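A.B. asks: okay, predicted coordinates and the sequence, questions at the end:
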Amino acid sequence: MATCLLYRLAQTRPARFYRIELAMNLFNEVSVLREWGVKGGKGRTTINIFGNLRDASVAADRHRSRMLKRGYNRA
């Protein structure tokens, strides 16, 4: 449905990524998938399920804003 991919590049640390994806599941709910880790490596994943698109998009936007404040930038 919608994906946001963010990167954080630092001279002293390896590059990191953070991905947020909104998707409908088979039960007519909206899933917010978040994946993060070191670029090129295996990332960690979490999925949160919401009953409607509005709640899911608010949660995804909150995560995106938090990561932008932490120094991540859009790809």
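C.D. replies: Sure, I can see it.
A.B. asks: residue 71 in helix, strand or coil?
C.D. replies: For residue 71, the assignment made with DSSP: H, G, I helix; E, B strand; the rest coil gives coil.
A.B. asks: what pairs with the closest residue to it other than its chain neighbours across the strands?
C.D. replies: In this structure, residue 71 finds its nearest non-sequential neighbour in residue 8, 5.1 Å apart by CB to CB, 6 or more residues apart in numbering. C-beta here means a position set from N, CA and C on the backbone, and glycine is covered the same way. Following DSSP bridges, residue 8 is listed with bridge partners residue 16.
A.B. asks: helix or strand: which one has the residue located most distally from the centre of the chain?
C.D. replies: In the chain, the residue that sits farthest from the middle, by CA atoms, centre = their mean, is residue 12; the gap is 23.6 Å. Residue 12 belongs to no helix or strand when assigned by DSSP states H and E.
A.B. asks: distance-wise, check the residue nearest to residue 71 relative to residue 54.
C.D. replies: Taking CB to CB, to the nearest Å as the measure, residue 8 falls 29 Å from residue 54.
A.B. asks: what of residue 64?
C.D. replies: According to CB to CB, residue 64 stands 16 Å off from residue 54.
A.B. asks: the more surrounded of those two?
C.D. replies: Under the neighbour definition other CB atoms under 10 Å, residue 64 and residue 54 were set side by side, and residue 64 has more, 17 against 10.
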